[in-house]
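[1] Okay, predicted coordinates and the sequence, questions at the end:
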Amino acid sequence: MKIKKIQISSFSLYVILMMCIATLVIVWSAHTRINEHSGYHEDASHITTQKTANEVEHYIKEKKRLVHLFAERKSADLWRTLTNPDDDKTYNTLLLELKDHFPNIFTFTVTNETGKANRIDFDHLMGQKCINDLQHFIKTGTQNIRIHPSDIYHFDIITDFTHNNKKGVLFVSFSTNMISNSLRHAEIPGHQLILTLPLENDLIEITSEGARNIWIRDDYRLSASESQRILSSADVNNTDWQVIDLHLENLFSDHKQLILIQSNLVIAILAISAFLFMVLNHREIRRRQKAEHVKDEFLSIVSHELRTPLTSIRGAITLIINGATGELNSKTKSVLSIADNNTHRLTSLVNDLLDVQKIESGQMKYKRKLIRPVSFVENAVDSIHSSYFPAPWKININNTLNKELIFADSVRMEQVVANLISNAIKYGSKKDNIDINLSRKNESVIISVTDYGSGISEESKDKIFEKFTQTKMTDNRHESGSGLGLYIAKTIIEYHGGKITYLSTTGKGTTFYIQLPIISIKKR
């Protein structure tokens, strides 16, 4: 069974990498949003509970002050109803006046300094806890305010007064509506404010909906699950109460679920988009590969089909020029020389196209061995002389190397040097020399080819080693060529671990430098 290798393009790897980064950013963002949501509600809860506790404290303090002022102002009437329990008129008048001052009052009573009340049962509204609080106030002069259960859940304000040097006590009962309203107005969406009594094992006193009896439950103490949902608490000064803030059961879990759904949706959209991009890119790559394959096949067929007849044509032209078919006049020789040069140019173009095809398909083969650089340089000069004979220029070789060796393919090295010499002939001055220098620099061989033409123009310098680049000179002279020579030369030199550079000066010429590593025989 053959296992098909999966090839992933660089674009696909880039998309996958970006997808991973985007996923990490989304996960981090979701985590941050969840933490910010929790932090917001915790901070808001602390502020709300403290503010509400202060409001309740102020409300109770103000009620005590106002009740005490009323008792001092109405001390005579209060003493009269105390000493005359059957005086319903005075009692009802006081009750109406109290209701005018305190809309949320529902009853009151008056006692002497021993705690004896004019009306003990408040029409059955006064329970045992009310009586206990009254006795505690008479003994200590202090009161622990709390909610008293009866037909109407309420809290009491107790204060003393004096009439004709006789002390009495005013006992006023208030409904919990005002405190419930304060809790309801301060309550944050998703939260629940409750007034509890910690001394009674977190007994629920008042909620934002009213007194605890508004809820139908078996136990009015905080449950374990409610205790776990407490975000903050604040004591109400001068009372035994505590304001607590509970978050609703699904406040954080619902928000977390929403964030996760949103994040997963975004990741899914990105993943689908990335997949579509990869599919489209894969199709584009396949289309380009197919086009490249067709192009390579076409170039290969054309190049091979052209090479054979070109070789025959050039051979025939050479034989005719050399007199194989008889003596030729000068005009005929001139025409045949032009044909021979163009045939040579076309052959070079075909060879360059074949080399580019081999390079791009990875089929370029090299037969490397230890060689002396001067050998392939001399061979390149000889091949140039044979192609441009007679020549109006002279090629000078200056070799300062000793016995330095490089590990290279001599044929390919000769091809590189021949290309540089050919360029020097094209773009140099017609009657100037071409200088080739071979020298050593540290552990490298330096081969330079110099012409004395007008130099390379600025617009050509950045792309001179690219494919199909036609070099333009500073004097605007443009020589025809395939534009592949320097690209092939750079590829060959880099394969051998070297590099090729150039230096061009306007009006003085251009020098190309080949740098190749020296191989030590001892090391090998």
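    Nice, thanks for sending it over.
[2] now the stretch 201-350 of the chain, which segments are flagged as low pLDDT?
    296, 299-300, 302-307, 345 (pLDDT under 70).
[3] All the helices of it, residue numbers only.
    224-228, 251-321, 330-361 (DSSP state H, counting those that start in this stretch).
[4] out of those, which comes closest to Asn104?
    Asn104 lies closest to helix 224-228 among the helices of the stretch 201-350 of the chain, at 27.6 Å (Cβ to Cβ). In short, each C-beta sits where N, CA and C put it, glycine included.
[5] pLDDT below threshold where in this structure?
    Applying pLDDT under 70 to the chain flags residues 1-9, 118-127, 296, 299-300, 302-307, 345, 388-392, 429-431, 470-482, 521-524.
[6] quick revisit: for Phe106, find the nearest of the helices of the stretch 201-350 of the chain.
    Closest to Phe106 of the helices of the stretch 201-350 of the chain, according to Cβ to Cβ: helix 224-228, at 29.7 Å.
[7] ok now the closest one, how far from the chain's centre?
    In terms of Cα atoms, centre = their mean, to the nearest Å, the centre of helix 224-228 is found 39 Å from the chain centre.
[8] Sort out which residues of stretch 416-434 are buried, please.
    416-428, 432, 434 (16 or more other Cβ atoms under 10 Å).
[9] mind checking how far it is from the chain centre?
    On Cα atoms, centre = their mean, the centre of stretch 416-434 falls 54 Å from that of its chain.
[10] do the same with stretch 312-323
    Here the centre of stretch 312-323 is set off from its chain's centre by 70 Å, with Cα atoms, centre = their mean.
[11] what comes up buried for it?
    Buried, per 16+ other Cβ under 10 Å, within stretch 312-323: Arg314, Ala316, Ile317, Ile320, Ile321.
[12] So which of those is the closest to Val449?
    Nearest to Val449 among those, counting by Cβ to Cβ, is Arg314 at 25.6 Å.
[13] roughly how far apart are the closest one and Ala339?
    9 Å (Cβ to Cβ, to the nearest Å).
[14] for Ser410, same thing?
    Counting by Cβ to Cβ, the separation of Ser410 from Ala339 is 31 Å.
[15] likewise Ser386?
    In terms of Cβ to Cβ, Ser386 sits 17 Å off from Ala339.
[16] between the two, who's got more neighbours?
    Neighbours were counted for Ser386 and for Ala339 using other Cβ atoms under 10 Å; Ala339 has more, 16 against 9.
[17] list the contacts for His344?
    Residues near His344 by Cβ atoms under 8 Å, 6 or more residues apart in numbering: Arg314, Ser387.
[18] same check, this time on Val377
    Ile397, Asn399, Glu414, Val417, Ile436, Leu438, Ile447.
[19] If any of these are buried, put those into a ChimeraX selection.
    Selection of buried members from the contacts of Val377 for ChimeraX, criterion 16+ other Cβ under 10 Å:
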select :414,417,436,438,447
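[20] which two in the contacts of Val377 are spaced the farthest apart?
    Asn399 and Glu414 (15.5 Å).
[21] which stretch of helix or strand covers the closest residue in space to Gln415 that isn't next to it in sequence?
    Leaving out its chain neighbours, the residue that sits closest to Gln415 by Cβ to Cβ, 6 or more residues apart in numbering is Ile492, at 7.1 Å. According to DSSP states H and E, Ile492 maps onto helix 485-495.
[22] For that helix, C-alpha coordinates in PDB please.
    Extracted C-alpha coordinates of helix 485-495, given in PDB (Å, rounded to 0.1, in the frame of the first residue of the first chain):
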ATOM      1  CA  GLY A 485      23.200  34.800 -18.100                       C
ATOM      2  CA  LEU A 486      23.800  36.600 -14.800                       C
ATOM      3  CA  TYR A 487      20.800  34.800 -13.200                       C
ATOM      4  CA  ILE A 488      22.400  31.400 -14.200                       C
ATOM      5  CA  ALA A 489      25.900  32.600 -13.100                       C
ATOM      6  CA  LYS A 490      24.600  33.700  -9.700                       C
ATOM      7  CA  THR A 491      22.800  30.300  -9.200                       C
ATOM      8  CA  ILE A 492      26.000  28.300 -10.200                       C
ATOM      9  CA  ILE A 493      28.300  30.400  -7.900                       C
ATOM     10  CA  GLU A 494      25.900  30.200  -4.900                       C
ATOM     11  CA  TYR A 495      25.600  26.400  -5.400                       C
END
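[23] contact partners of that helix?
    Identification of contacts with helix 485-495 by Cβ under 8 Å, 6+ apart yields 352, 355-356, 359, 364, 366, 409, 412-413, 415-416, 419-420, 422-423, 464-467, 469, 471, 499-500, 514, 516.
[24] Stretch 29-36 too?
    By Cβ under 8 Å, 6+ apart, stretch 29-36 touches His255, Lys256, Ile259, Leu260, Gln262, Ser263.
[25] Just the buried ones out of these, please.
    Buried by 16+ other Cβ under 10 Å: His255, Lys256, Ile259, Ser263, out of the contacts of stretch 29-36.
[26] any chance of these in a markdown table, plus distance to Lys99?
    Converted to a markdown table, these look like this (distance: Cβ to Cβ, whole Å):
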| residue | distance to Lys99 |
| --- | --- |
| His255 | 46 |
| Lys256 | 50 |
| Ile259 | 52 |
| Ser263 | 58 |
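[27] ranges for the strands of the stretch 51-200 of the chain?
    Under the criterion DSSP state E, counting those that start in this stretch, strands of the stretch 51-200 of the chain are mapped to 105-112, 154-163, 166-175, 191-197.
[28] partners of the shortest one, with directions?
    Within its sheet, strand 191-197 is paired with strand 203-207 (antiparallel), strand 242-247 (antiparallel), according to DSSP bridges.
[29] how about the longest one as PDB, C-alpha atoms only?
    Output in PDB follows, covering the C-alpha atoms of strand 242-247 (Å, rounded to 0.1, in the frame of the first residue of the first chain):
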ATOM      1  CA  GLN A 242     -25.500  43.500  57.800                       C
ATOM      2  CA  VAL A 243     -26.100  44.300  54.200                       C
ATOM      3  CA  ILE A 244     -25.000  41.400  51.900                       C
ATOM      4  CA  ASP A 245     -24.900  41.200  48.100                       C
ATOM      5  CA  LEU A 246     -25.600  37.900  46.300                       C
ATOM      6  CA  HIS A 247     -25.100  37.300  42.600                       C
END
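[30] quick one: it to chain centroid distance?
    The answer for strand 242-247 is 39 Å, by Cα atoms, centre = their mean.
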